[in-house]
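> curious how this folds, go ahead:
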Amino acid sequence: MFISNAFAAPAAASPQDAIMSFLPLVVIAILFFFMIIRPQMKRAKDQRSMLEALQKGDEIITSGGQVGKVVKVGDNFVSLEIAPNVVTHVQKATVQTLLPKGTIKDL
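Modelled structure (predicted):
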């Protein structure tokens with residue numbers, strides 16, 4: 001009465017069941033790679049190539065919102081003309097977008 005019945009342990013899971021229970025994690029990891037990591041790597045590569053191709057006369061927008069024309073390009077800094085005879089120096093990494101030629105005149 002005070003002692004409960006002892007039952008045998010269930011049979012161990014077969015190796016095929018273990019693989020099938022692990023399969024959803026593998027599928028989620030693959031989806032995560034193709035939907036999040038791979039597009040981010042492509043954007044970073046495009047940004048790097050845009051910064052390397054930056055040259056005098058290009059019109060850009062910085063991450064701070066400054067719009068201007070590139071006057072001088074250095075290794076780490078870019079001189080940006082934001083108004084006639086007004087030049088600022090910004091870090092190259094803050095360049096966010098390369099604008100088509102003539103965009104500043106339309107603003």
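
> could you check how far the nearest residue to G74 once chain neighbours are set aside is from V70?
The spatial neighbour of G74 that comes closest, neighbours along the chain excluded (Cβ to Cβ, 6 or more residues apart in numbering), is K92 at 7.6 Å. Using the backbone N, CA and C atoms, a C-beta is placed for each residue, glycine as well. In this structure, K92 lies at 10 Å from V70, with Cβ to Cβ, to the nearest Å as the measure.

> hang on, the residue nearest to G74 packs against S79?
No: with contact defined as Cβ atoms under 8 Å, K92 does not reach S79; the gap is 10.8 Å.

> ok so, going back, the more surrounded of K92 and V70?
With neighbours defined as other Cβ atoms under 10 Å, K92 and V70 compare such that V70 has more, 19 against 15.

> which residues touch that one?
With contacts defined as Cβ atoms under 8 Å, 6 or more residues apart in numbering, the neighbours of V70 are 54-60, 78-81.

> ok, now with 7 Å
54-58, 60, 78, 80 (Cβ atoms under 7 Å, 6 or more residues apart in numbering).

> nearest to F33 among the residues you listed?
L54 (30.6 Å; Cβ to Cβ).

> doesn't the closest one lie inside a strand?
No: under DSSP: H, G, I helix; E, B strand; the rest coil, L54 falls outside any strand and is assigned coil.

> can you pull up the most central residue in the protein?
Q40 (3.5 Å; Cα atoms, centre = their mean).
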